[in-house]
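# sequence plus the predicted model coming up.
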Amino acid sequence: MAEPILVERRNRIVIVTVNRPERRNAFDLATAEAIYKVFKQFDADDTLDVAVLTGAGGNFCAGADLHALAGGEKRPFLAAGDFAPMGCTRLKLSKPVIAAIEGYAVAGGIEVASWCDMRVAAKSAVFGVFCRRFGVPLVDLGTIRLPRLIGHSRAMDLILTGRPVKADEALQMGLANRVVEDGKALEAATEIAEQLSAFPQICMRADRLSAINQWSLDWDEATKNEMNGGLPAVQKEAITGAGRFSSGTGRHGKF
């Protein structure tokens, strides 16, 4: 039996591929457990900076494997710990994950895509809460992340109707960050990952976590949290970076 999750390292980047193309990369329990383990390992690995998540066979993820659920497979639905029905969606990582989306990212698949920090979609990619048709709820934080990503009104449109959203509309509403030619999502997402990996990591990770954590904090707490996270970057990276700038590196917005 093929491994449900494939892992490929490229320097300081890891590419994680959901490998169930016969099910449009829908997650059964074994897949959820495998992807959870992979991302826990990624976050703990000091030799890796960025992960790219994609799917095999032309689709990102069609959600939970309803065949497995219909056959009696049990999933952990209670919010105890950080293991979710789709495995990874309750994890709070310290490093970024970029979704490379070809084909369908629907039902639980849109929740996994929303868990990622950025989404690069191929032109023919389709997003949607397709599980609306079968009475399967969003229990992988889709009802929380979608409103935060695209606004309450647009999120309610997707959540209530379950309608398909193509890549161009997803880009317009902020669900997709970039749209590329079909077959190029992984390449484009990997290029972004390489760019992120080249930045000073303490600073980038601190800014990322502050942006995530501020949702659950009031203004004063968020202000303190931002400063507490940023101070190590000032001490360990910013002064050196200012020296590089002063010597001529990166002038006029050059990256």
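Yep, that arrived. Numbers count the residues shown, from 1 in each chain.
# which SS class is the residue nearest to Asp82 when sequence neighbours are not counted?
Leaving aside its sequence neighbours, Asp82 sits nearest to Arg90 (CB to CB, 6 or more residues apart in numbering; 4.6 Å). Every C-beta, even on glycine, is put in place using the N, C-alpha and C of the backbone. At Arg90, secondary structure determined by DSSP: H, G, I helix; E, B strand; the rest coil is coil.
# over to Ala170?
Applying three-state DSSP: Ala170 is helix.
# that one - how many residues pack around it?
25 (other CB atoms under 10 Å).
# any idea how far the closest residue to it other than its chain neighbours is from Leu160?
Closest residue to Ala170 apart from its sequence neighbours, by CB to CB, 6+ apart: Ala176 at 4.0 Å. Noted for Ala176: a distance of 21 Å to Leu160, by CB to CB, to the nearest Å.
# between the two, which one's more packed in?
Neighbours were counted for Ala176 and for Leu160 using other CB under 10 Å; Ala176 has more, 27 against 10.
# who does the closest residue in space to Tyr36 that isn't next to it in sequence form a beta bridge with?
Closest residue to Tyr36 apart from its sequence neighbours, by CB to CB, 6+ apart: Gly87 at 4.0 Å. With DSSP bridges as the criterion, Gly87 is bridged to Ala84.
# contacting residues around the residue lying closest to Ala64 once chain neighbours are set aside?
Leaving aside its sequence neighbours, Ala64 sits nearest to Gly108 (CB to CB, 6+ apart; 4.8 Å). Applying CB atoms under 8 Å, 6 or more residues apart in numbering, we find Gly108 in contact with 26-27, 61, 63-64, 85-86, 131, 138, 140, 142.
# please repeat the previous calculation with a cut-off of 6 Å.
63-64, 86, 140 (CB atoms under 6 Å, 6 or more residues apart in numbering).
# and these, which is closest to Ile150?
When these are compared for distance to Ile150 (CB to CB), Asp140 comes out closest, at 16.5 Å.
# what distance do you get for that closest one to Arg12?
In terms of CB to CB, Asp140 sits 28 Å off from Arg12.
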